[in-house]
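*Asks:* Quick one, what's the 3D model for this:
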Amino acid sequence: MREVGSHVALGYVEELQNAYKLIASHPGFGSLRFAYEIGLPSLRSVQLERYPYLVFYLEQLDHIDVWRVLHAKRDIPAWLQNPNS
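*Replies:* Predicted coordinates:
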């Protein structure tokens, strides 16, 4: 595993916080691409701007469930269908 400086780690956390703010204020903004691929119609995702990660979430009546944060290079449909593989 590669180590990075604290500025990279803090930048990643900041990007996650920005994604969470976007999702909270505009939950319908996220892409439904993977929802169709895995058969979960309400699953949405947003990509971090400066890091290759996707935030997967489900909009509920009174809150947002953040489901996963995954690296964009993964086989995401396979991982979402079977996270233990």
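*Asks:* In contact with the residue nearest the centre of the chain, which residues?
*Replies:* In the chain, the centroid-proximal residue (CA atoms, centre = their mean) is V55; its distance is 0.8 Å. Contacts for V55 (CB atoms under 8 Å, 6 or more residues apart in numbering) come out as L16, A19, Y20, I23, G30, S45, V46, Q47, L48, V66, R68, V69. C-beta coordinates here come from the backbone N, C-alpha and C atoms, glycine included.
*Asks:* of those, buried ones?
*Replies:* Buried members of these, counted by 16 or more other CB atoms under 10 Å: L16, A19, I23, G30, S45, V46, L48, R68, V69.
*Asks:* Could you list everything E59 pairs with in the sheet?
*Replies:* I64 (DSSP bridges).
*Asks:* what's the top helix by length along the chain packed up against?
*Replies:* As assigned by DSSP state H, the longest helix anywhere in the chain is helix 6-25. Secondary-structure packing of helix 6-25 (3 or more CB pairs under 8 Å, 6 or more residues apart in numbering; DSSP states H and E): strand 43-47, strand 53-59, strand 64-71.
*Asks:* Run through the bridge partners of the residue nearest to the centre of the chain.
*Replies:* V46, V69.
*Asks:* who's in contact with the helix or strand hosting A78?
*Replies:* Using DSSP states H and E, A78 sits within helix 76-81. Applying CB under 8 Å, 6+ apart, the external contacts of helix 76-81 come out as F34, E37, I38, L40, L43, L54, F56, R68, L70, S85.
*Asks:* Next, the buried residues of the lowest-mean-pLDDT helix or strand in the chain.
*Replies:* Lowest mean confidence among the helices and strands of the chain (mean pLDDT, DSSP states H and E): helix 76-81, at a mean of 77. For helix 76-81, burial by neighbour count (16+ other CB under 10 Å) applies to I76, L80.
*Asks:* before we move on, back to that, any of the contacts of helix 76-81 buried? List them.
*Replies:* Buried among these by 16+ other CB under 10 Å: F34, L40, L43, L54, F56, R68, L70.
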